[in-house]
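Undergrad: I'd like to go over a predicted model; first the sequence, then the structure.
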Amino acid sequence: MADTRRWFWLGGVVLLCGFVWLLHPILTPFLVALLLAYLFDPLVDRLEAAGLSRTWGVVAVFTLFTLIFTALLLVLVPLLARQLFRLYELAPQMLDWIQHTALPWAQSKFGLSDGFWKFDKLKAAISEHMSQTTDVVGVVLSHATASGLALIGWLANLVLIPVVSFYLLRDWDLVMAKIRGLLPREREERAVSLAGECHEVLGAFVRGQLLVMVALGVIYAAGLMLVGLELGLLIGVIAGLAAIVPYMGFIIGIGAALIAGLFQFGGDLYPMLGIVAVFMVGQALEGMVLTPLLVGDRIGLHPVAVIFSILAGGELFGFTGVLLALPVAAVIMVLVRHMHDLYKDSEIYGGGDEPER
């Protein structure tokens, strides 16, 4: 009987993986909607506890999110577009600076041959590629309108996300109760306990880390713009997004900002110190204020696990795999921790009770 159950659950897992593999091209809007419902459910629960009905709580949350998203589109997107176009204009000059200043310095310091970099071929390839496009919007539109069917599908997915999110969020507690009701009765308590641990790990990382990403993006962008860096907003946003992996945003952001600052300020000491100070302040705030306040002391995912899970998910299932990566990693982390505890309590680890000879 136990073997039958094991084969049943193993078959279920195999069927689920096959389902994701076959249907992953159409799963993206549903997974995004599921993620939004998961993120906003605690807020709706609080509004429901305050006296609002579940439906009106969902409407209030959706209205607030729509207003914030619209404000970001109206304010942030034009600024980022201008900075991207500025980067497009500065790219040839930056390539010249790298070729005639940075690389000769590196060659003299490390004793490299003159033809080591082969930079002329790289520069020619980049310049040829950039000359084929006029702006980022044009590139996006050219790809989006390459196929009328693809454009219609993209718009349908865009409309589908809020619709599915609304119904999932409204019926979230009902769906969770029905799933719990389907669990085997003798395993219900253990399954609910494991699900609670997975929720703790995933919630600690997703909800907390997303808020940390937004806060760091604002801090980095505002600080770099105050220093006077032309690409400060763009680099700050990229550093904030890269902060999904702890310390990754800091490394990418300070590296890009120092390169841009070196090119813009010509090695002037004070602006470069200002750039370093911005990222040091941001890192200090993350470690002492943001992470303890927003993430707390709950167990999150290790940075290496995050990197591996995102890369593995993207390799196996594309963008759908990226969306599934963190939930799957959270479940695996909880199961591995329990397997570790079972192993430490087993005779395999302890070697039995035989006395030493």
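TA: Yep, that arrived.
Undergrad: got the residue ranges for the helices in this structure?
TA: 2-49, 54-97, 103-110, 119-131, 136-144, 148-170, 172-181, 188-227, 232-242, 248-265, 269-285, 303-317, 319-344, 347-350 (DSSP state H).
Undergrad: for the third one, the averaged confidence score.
TA: For helix 103-110, the mean per-residue pLDDT is 73.
Undergrad: quick one, that helix and helix 54-97 angle?
TA: 80 degrees (axes from the mean of the first three to the mean of the last three CA atoms, to 10 degrees).
Undergrad: so which elements touch helix 103-110?
TA: Applying 3 or more CB pairs under 8 Å, 6 or more residues apart in numbering; DSSP states H and E, one finds that helix 103-110 contacts no other helix or strand. The C-beta positions use only the backbone N, C-alpha and C, and glycine is treated the same way.
Undergrad: one more: the first one?
TA: Counting contacts by 3+ CB pairs under 8 Å, 6+ apart, the secondary-structure elements packed against helix 2-49 are helix 54-97, helix 148-170, helix 172-181, helix 188-227, helix 303-317, helix 319-344.
Undergrad: picking up where we left off before, now the helices of the chain as JSON lines including mean neighbour count?
TA: Below are the helices of the chain laid out as JSON lines (neighbours: other CB atoms under 10 Å):
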{"stretch": "helix 2-49", "mean neighbour count": "14"}
{"stretch": "helix 54-97", "mean neighbour count": "14"}
{"stretch": "helix 103-110", "mean neighbour count": "12"}
{"stretch": "helix 119-131", "mean neighbour count": "11"}
{"stretch": "helix 136-144", "mean neighbour count": "11"}
{"stretch": "helix 148-170", "mean neighbour count": "14"}
{"stretch": "helix 172-181", "mean neighbour count": "12"}
{"stretch": "helix 188-227", "mean neighbour count": "18"}
{"stretch": "helix 232-242", "mean neighbour count": "22"}
{"stretch": "helix 248-265", "mean neighbour count": "19"}
{"stretch": "helix 269-285", "mean neighbour count": "16"}
{"stretch": "helix 303-317", "mean neighbour count": "16"}
{"stretch": "helix 319-344", "mean neighbour count": "16"}
{"stretch": "helix 347-350", "mean neighbour count": "10"}
